[in-house]
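*Asks:* missing the sequence, but the structure's below:
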């Protein structure tokens, strides 16, 4: 894929974020970040909001169109499990689903949501920081090293 050049973002590294994709996580991660930035005009976003938005963005295609992202993709599986546990309507708006998931206190539901925060935020930045651990990526992102796409402000449980 050829992306247009940008003086502020190393496009080659940005495009490389999608070189190793066996599932849809990275795509939904990026879509969710962009959606929050554009719709809510935020430049600081809690990781949990992005994780919930990922599920919200995938919800309708998974449940209404019965779209499968493949056997290895847990976004599909976790979304179905959330719907099974909660019986939340498949045709609800993304805003209603976001509010429901954001306010939900069920440990099982939260575990299904938070699963995606374990690796995706770090794996997306891996092209900027070759051969670095998640802990190193976290630290290096603090000052936008290598002109990385985003930085982590604090490390806490999602």
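*Replies:* It's in. In this text the structure is predicted, and so the values were computed from the model without any measurement.
*Asks:* my guess is residue 49 meets residue 102, correct?
*Replies:* Yes. Judged on Cβ atoms under 8 Å, residue 49 makes contact with residue 102 at a distance of 7.5 Å. Any C-beta I mention is one placed from the backbone N, CA and C, and that applies to glycine too.
*Asks:* which one of the two has more residues nearby?
*Replies:* residue 49 (17 against 14; other Cβ atoms under 10 Å).
*Asks:* Report the central residue of this structure.
*Replies:* Central residue of the chain (Cα atoms, centre = their mean): residue 29, 2.7 Å from the mean position.
*Asks:* low pLDDT regions in this structure?
*Replies:* Applying pLDDT under 70 to the chain picks out residues 1-7, 155-158.
*Asks:* can you rerun that using 80?
*Replies:* 1-9, 20-23, 154-158 (pLDDT under 80).
*Asks:* can you pull out the helices in it?
*Replies:* Ranges of helices in the chain, per DSSP state H, are 11-16, 25-40, 47-63, 74-86, 94-103, 107-114, 120-125, 134-141.
*Asks:* Can you redo these as a markdown table, where the extra columns are distance to residue 148?
*Replies:* A markdown table is the format used below for the helices of the chain (distance: least, Cβ to Cβ, whole Å):
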| stretch | distance to residue 148 |
| --- | --- |
| helix 11-16 | 8 |
| helix 25-40 | 13 |
| helix 47-63 | 15 |
| helix 74-86 | 24 |
| helix 94-103 | 26 |
| helix 107-114 | 23 |
| helix 120-125 | 5 |
| helix 134-141 | 5 |
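*Asks:* Thanks a lot, see you next time.
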